[in-house]
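# Dropping the sequence and predicted coords here.
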Amino acid sequence: MRAAAAAFFVIFLISSALFAANPSVKTTKKVVIYLLSQSLACYENDQVVYTTNICSGKNWHSTNHTKYKKQYWIIRVHGPKSRCVVKGKYNVSAPWKMELSESPTAAKGKLIRIHEFYDVPKVASSRGCLRVPLGKGKPINLWAKPDLPILVEVRLEKAPEPTKSSRR
């Protein structure tokens, strides 16, 4: 039993090292955030599988978009009872939270979060997180969970018009 556990651990370490050495590993899933239309689209094999409106942070607004990277990675997902600590003092509910990092293998740089929220206006007004309407975070979270890390692109453009097959 110990030999099998040791062999599994060695294989895990080797595969982790190979992925860390080549972070450009192709994934079939990606998320695109369209800042001008305040929307999010999930793609699998270049086909839209899920779309929703979002509310991005005030600093993500087009006048300040240079402060943020053009791509992130979903590295962790949390369940319906997850929480966020805001500025070290507020412990707020953030159901179905997903954490985005600048690196696909570790929490590096500024962490951004996508989570459900009761108020999702059509303008950038959150304090840094990306809000999705209540009930919309769970399907995205469950879609993303088995295949982490997933590329997230941030685009300063409007989302393309959905086709009949991609509307949900």
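Perfect, I can see it now.
# Look up the closest residue to residue 128, ignoring the ones flanking it.
residue 57 (4.0 Å; Cβ to Cβ, 6 or more residues apart in numbering). (C-beta placed from N, C-alpha, C; glycine too.)
# my bad, should have said residue 70
Counting by Cβ to Cβ, 6+ apart, the residue nearest residue 70 is residue 154, at 5.6 Å.
# ok, residues contacting whichever strand or helix holds that neighbour?
Residue 154 is part of strand 150-155, with elements assigned from DSSP states H and E. Contact with strand 150-155 is made by 27, 29-35, 60, 65, 68-74, 100, 104, 144, as judged by Cβ atoms under 8 Å, 6 or more residues apart in numbering.
# Now that we have those, which of them are buried?
Among these, the ones that count as buried by 16 or more other Cβ atoms under 10 Å are 29-35, 60, 65, 68, 72-74, 100, 104, 144.
# Okay, strands next: where are they in this protein?
For the chain, applying DSSP state E gives strands covering 29-34, 39-44, 47-53, 71-77, 83-86, 90-93, 98-101, 112-117, 130-133, 150-155.
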